[in-house]
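Student: sequence-free structure coming up:
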Ligand code: NDP
Ligand code: 8X3
């Protein structure tokens, strides 16, 4: 029987590539996202390998209903990939939009928790499963304008470690994946449709590609059941560390 993987946010970027990689390997995918046209496009491509569910992960009631109402053949989720997420804005804390902060918290933190809570009981009952959370290097390293986005990804890291602690004895694996700069729709979303600004982010260097992250997740999923990758931080080779800043008065 095919293994089943639930991926949140398959309408672009990492999620879409992960759906392709897992489908190529014979998995059945449950793919979610808000944009129906993009879900339909991916369904046309992956056909019977993909079951799509239009879902906003911020909608608690809808998340639990969606998981409860999955067709019988998709109910036994072997792998959950909490991928849906976003950054909004790059302003410093003083000028940042409070509503942007709330949307990031509602999506990257609360949405991830709702989906995890809805899927976990069945994994625990079966004493089997693997939860991937897509964190970010922004959860480890501060940068200007990273403020709440980075903080949501620190939450993802610490929640992943604590989840793993709570799940001892269940055989369920938990892995936090922390990518650096990757060319997806991430920057278009962050710059709120300012295409020029979004493209500039990826100019002049080779960023990570969605397929890089998809292959890393798939590789980790294929490790033997006794191997748990807790955290993995991945950057494009040209991205590294800036050091600490000293603001001098003269
Ligand atoms: P994209 O913008 O390309 O994809 C984001 C996906 O998340 C889309 O499918 C989008 O679907 C979905 N999504 C966003 N909000 C919601 C919501 N409220 N409900 C349901 N789905 C939602 O970006 P990436 O592929 O880059 O991002 C995927 C994850 O990777 C995110 O968690 C991001 O923070 C993280 N990340 C990205 C990095 C990068 O540089 N690109 C680096 C490190 C981490 P839809 O709009 O259709 O709802
Ligand atoms: C996205 C990576 O460095 O733009 O999570 O914050 S970064």
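Tutor: Structure received. Small disclaimer: the values here were computed from a predicted structure and weren't measured. Numbering: from 1, shown residues only. Ligands and ions are numbered 1, 2, ... in the order given.
Student: okay, CA-based contacts and neighbour counts for the rest of this
Tutor: Noted.
Student: contacts for the helix or strand of the chain with the lowest mean pLDDT?
Tutor: None of the helices or strands of the chain scores lower by mean pLDDT, DSSP states H and E than helix 195-200, at a mean of 94. By CA atoms under 8 Å, 6 or more residues apart in numbering, the surrounding residues in contact with helix 195-200 are 187, 188, 190, 191.
Student: quick one: which of those has the most company?
Tutor: Within the contacts of helix 195-200, residue 187 tops the neighbour count with 24 neighbours, counted by other CA atoms under 10 Å.
Student: gap between that residue and ligand 2?
Tutor: Using CA to the nearest ligand atom, to the nearest Å, we find residue 187 at a distance of 8 Å from ligand 2.
Student: can you pull the contacts of the closest residue in space to residue 180 that isn't next to it in sequence?
Tutor: Leaving aside its sequence neighbours, residue 180 sits nearest to residue 235 (CA to CA, 6 or more residues apart in numbering; 4.4 Å). Applying CA under 8 Å, 6+ apart to residue 235 gives the contacts 179, 180, 181, 208.
Student: would you list these in JSON lines and tack on secondary structure and distance to ligand 1?
Tutor: Conversion of the contacts of residue 235 to JSON lines gives the following (DSSP: H, G, I helix; E, B strand; the rest coil; distance: CA to the nearest ligand atom, whole Å):
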{"residue": "179", "secondary structure": "strand", "distance to ligand 1": "4"}
{"residue": "180", "secondary structure": "coil", "distance to ligand 1": "5"}
{"residue": "181", "secondary structure": "coil", "distance to ligand 1": "4"}
{"residue": "208", "secondary structure": "strand", "distance to ligand 1": "8"}
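Student: and the most centrally placed residue in the chain, what's its pLDDT?
Tutor: Against the mean C-alpha coordinate of the chain, by CA atoms, centre = their mean, the closest residue is residue 83 at 1.9 Å. With respect to pLDDT, residue 83 scores 99.
Student: which helix in this protein runs the most residues?
Tutor: If you go by DSSP state H, the chain has its longest helix at helix 147-166.
Student: other SSEs contacting it?
Tutor: helix 98-104, strand 130-134, strand 173-179 (3 or more CA pairs under 8 Å, 6 or more residues apart in numbering; DSSP states H and E).
Student: run the last query once more with 7 Å
Tutor: strand 173-179 (3 or more CA pairs under 7 Å, 6 or more residues apart in numbering; DSSP states H and E).
Student: what angle separates the strand it packs on from strand 130-134?
Tutor: 20 degrees (axes from the mean of the first three to the mean of the last three CA atoms, to 10 degrees).
Student: enumerate the residues of this structure near ligand 2.
Tutor: Residues of the chain found near ligand 2, taking CA under 6 Å from any ligand atom as the criterion, are 136, 137, 138, 180, 181.
Student: by neighbour count, which of these wins?
Tutor: Ranked by the number of neighbours (other CA under 10 Å), the residues of the chain next to ligand 2 place residue 136 first, at 25 neighbours.
Student: show the pLDDT at it.
Tutor: The model reports residue 136 with a pLDDT of 98.
Student: returning to that earlier point: any part of the longest helix of the chain near ligand 1?
Tutor: No - judged by CA under 6 Å from any ligand atom, helix 147-166 and ligand 1 are separated, with a smallest distance of 7.6 Å.
Student: try stretch 228-245
Tutor: No - Stretch 228-245 does not reach ligand 1 (CA under 6 Å from any ligand atom); its nearest approach is 8.8 Å.
Student: begin at 177, not 1, for the rest of this chat.
Tutor: New numbering, starting at 177: the last item is stretch 404-421.
Student: got the contact list for residue 179?
Tutor: Shown in contact with residue 179 (CA atoms under 7 Å, 6 or more residues apart in numbering): 203, 204, 254.
Student: does the second one touch residue 228 like I think?
Tutor: No - here residue 204 lies out of contact with residue 228, judged by CA atoms under 7 Å, at a distance of 10.9 Å.
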